[in-house]
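[1] Show me the folded form of this:
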Amino acid sequence: MNEPHNSFCKQERINSKKAIEALFSGKAKSIASFPLLAVYQEVEELEDYPVAVLISVSKKRFKHAVQRNRIKRQIRETYRINKHALHNALLSKGKKMHIAFIYLDTKQHPTEKIEQHMLSLLERLATQIQE
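    Alright, predicted model coming up:
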């Protein structure tokens, strides 16, 4: 982690097709805090950051890109602000992982509610890493 402030740069995003396929190949674990689902898997190949993230909102549930983009922006922002506990847990154990956040609901929620569920997911992930 090179930057001490709250950032969400390109190195923190999963963008290789191979990494995405590996994450959804069936070997990954998942935890849910409705309306969010986190699918995660430990990896070896990350360089600078302990976590790389993918955010997905279903086109089937939200026909308009405006709606999908707003939800993705909410998830990205809540992750960016609250990621430090997870980063610290991973760095202390020397682990690295890929996480996919998938939005499950069919309606939009206020940012506060998404932040609540994101915090819940990140805390549960951090405790699982510490064990």
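[2] So what touches stretch 39-53?
    Residues from elsewhere that reach stretch 39-53 (C-beta atoms under 8 Å, 6 or more residues apart in numbering): 1-2, 11-14, 19, 22-24, 27-31, 79, 83, 86-87, 90-91, 95-102, 125. Where C-beta positions appear, they are placed from N, C-alpha and C, glycine not excepted.
[3] just the strands in the protein please.
    In the chain, the strands defined using DSSP state E lie at 29-33, 36-42, 51-57, 97-103.
[4] can you tell me the average pLDDT over the second one?
    It refers to strand 36-42. Strand 36-42 shows a mean pLDDT of 96.
[5] Check which residues of that strand are buried.
    Neighbour-count burial for strand 36-42 flags Leu36, Leu37, Ala38, Val39, Tyr40, Gln41 (criterion: 16 or more other C-beta atoms under 10 Å).
[6] Check the shortest one too.
    Of the residues in strand 29-33, those buried under the neighbour-count criterion (16+ other C-beta under 10 Å) are Ser33.
[7] How about stretch 85-102?
    Neighbour-count burial for stretch 85-102 [16+ other C-beta under 10 Å]: Leu86, His87, Ala89, Leu90, Lys96, Met97, His98, Ile99, Ala100, Phe101, Ile102.
[8] Show me which of the residues you listed is closest to Glu112.
    Phe101 (16.9 Å; C-beta to C-beta).
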